[in-house]
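Chemist: return atomic coordinates for the entry below.
(one chain, ligands or ions: 1)
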Amino acid sequence: MLNNIEITKTKASKLKDVDFDNLKFGSVFSDHMLECDFKDGKWHAPKVVPYQPITLDPSAKIFHYGQSVFEGMKAYKDSKDDVFLFRPLENFKRLNISSKRLAIPEIPEDYFMEGLKTLLEVDKGWIPTNEGSSLYIRPFVFASGNGFHASPADAYKFIICTAPSGAYFSGKLKVLIEETYSRSANGGVGFAKAGGNYAGQFYPTQLAIDKGYQQVIWTDDNTHEYIEEAGAMNIFVRINDTLITGPTSDRILDGITRKSIIDIAKQQGIPVEVRKITVKEVVDAAKSGALKEMFGAGTAAVISPIAGFGYKNEDYDLPELKDTYASTLKTRITDIQTNKSDDPFGWRVKL
Ligand SMILES: *Cc1c(COP(=O)(O)O)cnc(C)c1O
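Modeler: Model prediction:
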C-alpha cells in the first residue's frame with residue numbers, strides 16, 4: 001500500500017519562463033516528474049523528483065531491444081482552478097495491457113493513480129487555462145536493466161513527465177492511403193502503445209510528406225483493402241449521415257477518445273457503425289459525394305478533420321460542410337473534459 005509519496009522539489013522552477021499564450025505541443029516540460037523503479041523482482045514506491053536527465057548503462061535493454069511502452073493523457077484546469085483528468089483508469093489499464101505484451105512487469109494501480117495525482121498537485125501551476133490548452137501527461141515504462149542477452153530486462157523505470165501544451169495540429173489534414181507499408185499485423189503489437197510502433201511509422205510517413213501529404217492512413221497488412229488508423233489516431237468516416245469506425249483488434253489501438261466519441265455520438269442520435277471499412281467504399285463514396293467527413297481521433301489532437309486523401313495517384317477532396325460531426329463531437333468531448341458541461345457518462349475525475 002502507498003501512504004506518503006516522497007517529494008523532492010526543484011530549487012530552480014522554470015515556470016516563470018513559460019509563455020502560456022504561445023504553447024506548442026509537448027516541447028516544454030514541467031518542473032517535476034514521477035519516478036518509480038522495478039528491481040529485485042518488484043516495483044518500489046514512486047517518488048516525485050525534479051525533472052532531470054536519467055543515467056543509463058549503454059547495455060540497458062531499452063537501447064537494444066526496444067522494450068518500452070507509453071501512455072498519453074491530459075489534465076485540464078477550469079475557471080475555478082479545479083483540476084480534472086479524463087478517464088485516467090483507462091490509461092492505467094492500457095499501460096499494463098501494453099506492458100504485458102512487451103514482457104514488462106505490470107504497475108500497481110495505486111502507484112500509477114496516487115503517483116499521478118501527487119505529481120499534478122506539485123506541478124498544479126503548470127496546468128494551462130487558455131482555451132484549447134492543457135497539461136499533456138506522458139507516463140512511460142522502459143527496460144533500464146543491463147545486458148546484451150535478447151531477453152526481458154531485470155530492471156525497469158516507470159516515469160511520468162508532463163508538458164503544458166497548446167493544440168496538436170493546426171489546420172486540416174491531407175492524408176495518403178497506404179498501399180505498401182503496415183503499422184501493425186495480426187499477432188503483433190499494434191494494439192499496444194509500444195515505442196517501436198511509432199519508430200516504424202516515421203519512414204512511410206516521411207515518404208507521404210515528401211509527396212505533399214501530412215499523414216498516412218494505415219490499411220490492413222494482409223490486403224491493404226481496409227482502412228484502419230490515421231497516423232497515431234483512430235479513424236472515423238462519415239458516409240451520408242452514418243459515422244463509421246473500425247473494430248479494435250490486434251492491429252487497431254483501443255483509443256479512449258474513439259470509444260468516448262462512439263458513446264457521445266450515440267447519445268446525440270448520430271447513427272454509428274463499428275465495422276470494417278474498405279478503401280473501395282471510401283473512394284466510391286468520395287466519387288458519389290456520399291463521403292461527408294473523415295477525421296482522426298486521439299488524446300493529443302482530440303479530433304483532427306481530414307480535408308482530402310490520396311489513393312493510387314489520385315487526390316480526393318472532402319466537401320467543406322458548415323455543421324460537421326467533427327466539430328459537434330469535439331465541442332461535446334472537450335466540454336466534458338474541461339468541466340464546461342455536465343458529464344452524463346461519469347468520465348471526469350476531479351483531482
Ligand atoms: C494513442 C493512440 C490512439 C489514440 O488513443 P487515445 O486513447 O484516444 O489517445 C490511436 N491510435 C494509436 C496508434 C495510438 O497510439
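
Chemist: dump the lengthiest helix in the chain to CSV, keeping only the CA atoms.
Modeler: Ranked by residue count, the top helix of the chain under DSSP state H comes out as helix 195-210. Coordinates of each C-alpha in helix 195-210 appear next as CSV, following Å, rounded to 0.1, in the frame of the first residue of the first chain:
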residue,chain,number,x,y,z
GLY,A,195,7.6,2.8,-28.6
GLY,A,196,8.8,0.8,-31.6
ASN,A,197,5.4,1.0,-33.3
TYR,A,198,5.9,4.7,-33.8
ALA,A,199,9.6,4.4,-35.0
GLY,A,200,8.2,2.1,-37.7
GLN,A,201,5.8,4.7,-38.9
PHE,A,202,8.2,7.5,-39.3
TYR,A,203,9.8,6.4,-42.6
PRO,A,204,6.5,5.7,-44.5
THR,A,205,5.1,8.9,-43.1
GLN,A,206,8.1,10.8,-44.4
LEU,A,207,7.6,9.4,-47.8
ALA,A,208,4.0,10.6,-47.7
ILE,A,209,5.1,14.1,-46.5
ASP,A,210,7.6,14.2,-49.5
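
Chemist: quick one: mean pLDDT for it?
Modeler: Helix 195-210 shows a mean pLDDT of 97.

Chemist: quick check: buried residues in that helix?
Modeler: By neighbour count with 16 or more other C-beta atoms under 10 Å, helix 195-210 contains the buried residues 195, 197, 200-201, 204-205, 208. All C-beta spots, glycine's among them, are computed from the backbone N, C-alpha and C.

Chemist: for Gln267, give its distance to Arg332.
Modeler: 9 Å (C-beta to C-beta, to the nearest Å).

Chemist: kindly report the same for Phe70.
Modeler: The gap separating Phe70 from Arg332 is 27 Å, by C-beta to C-beta.

Chemist: do the same with Tyr213
Modeler: Relative to Arg332, and taking C-beta to C-beta, Tyr213 is found at 29 Å.

Chemist: count of neighbours near the nearest residue to Leu15 once chain neighbours are set aside?
Modeler: Distance criterion C-beta to C-beta, 6 or more residues apart in numbering; nearest residue to Leu15, sequence neighbours excluded, is Gly125 at 5.5 Å. For Gly125, the neighbour count with other C-beta atoms under 10 Å is 13.

Chemist: around the ligand, pick out the residues from this protein.
Modeler: 72, 193, 229, 232-234, 253, 255-258, 298-299 (C-beta under 6 Å from any ligand atom).

Chemist: which parts of the stretch 51-200 of the chain are strands?
Modeler: Here the stretch 51-200 of the chain has its strands, by DSSP state E, counting those that start in this stretch, at 68-70, 73-77, 83-86, 134-143, 156-165, 173-177.
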